[in-house]
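[1] Just the structure for this:
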Amino acid sequence: MPDDPALWPATRQAAAIRAGQLRSADLLERYAERIARINPGLNAVVTLDLEGARAAAREADAAVARGDDLGPLHGLPVTIKDAIETAGMRSTGGAVELRENIPERDAPVVRALREAGAIIFGKTNLPRWSADGQTYNEIFGTTVNPWNSDRVPGGSSGGAAAAVAAGLTSFEVGTDIGGSIRLPSAFCGVFGHKPSFGVIPTRGYLDHPQGGTTEADVNVFGPIARSAEDLDLLLEILRRREPPWTAELPPPPDDLQTLRVAAWLDDPFCSIDAEVLEVTRAAVAALEASGVQVDHEARPDLDPGEAFDLGGRLIGEAAMSHSRPDTADGPSHREWLDLNTARAALRSRWAEFFTRFDAILMPAAFVPPFPHDHEGDVATRTVICNGETRPFLDIAGWTVLTGLAYLPSTVPPIGLGASGLPTGMQVVGPYGADRRTIRLAARIAECSGGYQAPPIAR
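    Numbers count the residues shown, from 1 in each chain. Purely as a prediction, here's the structure:
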C-alpha cells in the first residue's frame with residue numbers, strides 16, 4: 001500500500017483522522033500540493049475552493065480534539081464530478097451554457113457526503129452534458145489518462161476517475177448512464193460502482209440547461225475510489241433515504257466460494273481486444289485459483305446485439321433529449337412505451353438468469369484506453385481493435401447491456417496490459433445485489449493486485 005496518505009483508501013484515511021493520527025488540514029494540504037504539481041498535466045480538477053475547505057478542515061480537526069461524535073467520512077477532502085450540483089461552487093455540466101452557474105443547493109448526494117463529514121473542495125472535468133466516452137469540453141479543455149497522457153481517461157466521469165487514480169482526492173462521486181463510471185474506472189485503474197437504478201437519488205444532475213430537478217431514466221450516481229471497502233461505505237452513505245422509500249440492500253455473502261459465478265468474457269457482437277482479453281482471463285483464472293468456481297459457458301437468454309440497440313435508443317432519449325435542438329426528432333410517447341416494454345422483457349431474462357447464478361463477470365471496455373479524438377462526434381468516430389476499425393459507440397457495448405437492465409455493476413482494477421495501461425472488468429449481479437458485486441470485486445482485486453498508483457502520482 002502506498003506510504004503517502006493522499007493515496008490511501010478513504011476508509012483508512014477516515015480511521016486515521018478519527019484516531020488523531022492524521023489531521024484533516026494536513027490531508028487537504030497534501031491534495032492542494034499534489035493538484036498544483038500534478039493537475040496542470042492531467043487537467044482532472046477544474047474548480048477549487050481551498051479557502052472554504054481549509055476553514056472546514058480546521059473545524060474538523062477541532063472536533064476530533066474535543067471528542068465530538070464524528071461521521072464516517074469526517075474530515076475527508078473530496079471532489080465531485082462537475083455534473084452534480086454543489087452549493088456555492090461552480091457546477092457546469094461541462095457546457096458553456098452553465099459556465100457561470102453556482103447552485104444555491106446541494107444535490108442529495110452532496111448533502112449526504114457533507115452530513116457524513118466530508119469536505120467538498122473541488123469539481124472534476126467531464127464532457128459536455130456527460131455525453132462522451134472521453135473527457136473534454138469548451139470551458140476546461142481535455143483531461144488525460146494518468147497512465148499515459150496521449151490516451152483518454154474514459155468518460156464521462158473521466159476527471160473523477162483520473163483524480164482518484166492520481167491521488168488528488170479521497171474519493172469521487174460520478175454519474176453513469178451508458179458506462180460513465182465503469183469505463184473511466186477501468187481506464188484509470190480504480191474501483192467504480194454503478195448502483196442498481198434508483199438506489200441512490202440523482203436529483204441535481206446537470207445534463208441540460210434547466211437540469212437538476214428531475215431524475216433521468218437509466219442514469220445513476222455512484223462512487224469511484226481506491227478500494228472496494230470504500231465503495232461499500234460510500235454506497236451506505238449515499239443510498240436513498242428520502243420519503244416515501246428507503247433503499248435497503250441485503251448484506252454480501254459470508255463465503256464467496258458458495259457463489260455461482262458465470263464469465264462472459266468475449267462475444268462476436270462486440271469482440272474484445274487481445275490485450276484486454278488476456279488481462280481479463282488472467283483475473284478470472286486467479287479468482288478460480290482462490291476457490292471461487294466459475295462457469296465459462298453460461299449466458300443470459302438474450303441477443304446482445306438487439307439489447308445494445310434497445311439500450312442505445314433508450315439511453316439516447318434519457319441522456320440527450322433535453323440538450324439536443326428543439327427541431328430534432330425523437331420517439332413519440334407511444335414509441336417510448338414500446339421500447340420500455342421491450343426493456344421489461346429483457347430485465348425478465350436477466351432475472352431468470354440470476355435465479356441460476358449469483359453474479360456474472362463481463363468486460364467493461366472492449367479496448368484499452370485509446371488516443372484522444374475530438375473530430376466529429378460519438379456517432380462518427382472510430383476506434384481500433386485488433387487492427388480493425390470499429391464504431392466509437394462500441395466502447396459502451398458491454399456496459400449498456402447491464403445498465404439498460406438497471407443492474408448493479410462493480411469494476412475492480414485487474415492489472416496492466418502489455419501496453420502498460422490499466423484494465424477493469426464488470427462484476428454484475430441481480431437488481432439490488434450491490435453489496436454482493438462489491439464483495440466479489442474485492443476478491444478479484446485481491447487476486448489481481450488491486451489499485452496501483454500511476455507513475456504521475458508517485
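[2] quick one: buried residues of stretch 134-151?
    Of all the residues in stretch 134-151, those buried under the rule 16 or more other Cβ atoms under 10 Å are 134-137, 139-140, 142-148, 151. Where C-beta positions appear, they are placed from N, C-alpha and C, glycine not excepted.
[3] and of those, the nearest to Ser290?
    Nearest to Ser290 among the buried residues of stretch 134-151, counting by Cβ to Cβ, is Trp147 at 26.4 Å.
[4] From Asn125, how far out is that closest one?
    Per Cβ to Cβ, to the nearest Å, Trp147 is found 17 Å from Asn125.
[5] Same check on Leu73?
    In terms of Cβ to Cβ, Leu73 sits 23 Å off from Asn125.
[6] ok, those two, which is more surrounded?
    Asn125 (31 against 25; other Cβ atoms under 10 Å).
[7] Report how many residues lie close to the nearest residue to that one once chain neighbours are set aside.
    Once flanking residues are discounted, Asn125 sits nearest to Gly159: 3.2 Å by Cβ to Cβ, 6 or more residues apart in numbering. Neighbourhood size, Gly159 [other Cβ under 10 Å]: 34.
[8] The stretch 351-458 of the chain: strands as residue ranges?
    Assigned by DSSP state E, counting those that start in this stretch, the stretch 351-458 of the chain shows strands spanning 359-363, 382-385, 388-391, 409-411, 413-416, 422-428.
[9] who touches the third one?
    Residues external to strand 388-391 that are found in contact with it (Cβ atoms under 8 Å, 6 or more residues apart in numbering): Phe366, Val367, Arg381, Thr382, Val383, Ile384.
[10] residue boundaries of the strands in the stretch 151-300 of the chain?
    Taking DSSP E, counting those that start in this stretch as the criterion, the stretch 151-300 of the chain carries its strands at 172-176, 191-194, 220-225, 241-242, 245-246, 261-263, 294-295.
[11] hey, which helix is longest across the protein?
    Secondary structure assigned by DSSP state H gives helix 333-356 as the longest helix of the chain.
[12] Buried ones in that one, by neighbour count?
    The neighbour-count check on helix 333-356 (16+ other Cβ under 10 Å) flags Trp336, Ala342, Arg343, Leu346, Trp350, Phe353, Phe354 as buried.
[13] before we move on, what about stretch 277-293?
    The neighbour-count check on stretch 277-293 (16+ other Cβ under 10 Å) flags Leu277, Val279, Thr280, Ala283, Val284, Ala286, Leu287, Val292 as buried.
[14] Export these to TSV and append columns for pLDDT.
    TSV is the format used below for the buried residues of stretch 277-293 (pLDDT from 0 to 100):
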residue	pLDDT
Leu277	98
Val279	98
Thr280	98
Ala283	98
Val284	98
Ala286	98
Leu287	98
Val292	98
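[15] Just give me the residue right at the centre of the protein.
    Central residue of the chain (Cα atoms, centre = their mean): Ile181, 2.2 Å from the mean position.
[16] Now do the residue with the largest distance to the centre of the chain, the pLDDT please.
    Relative to the centre of the chain, and counting by Cα atoms, centre = their mean, the farthest-placed residue is Arg66 at 36.1 Å. On pLDDT, Arg66 comes in at 98.
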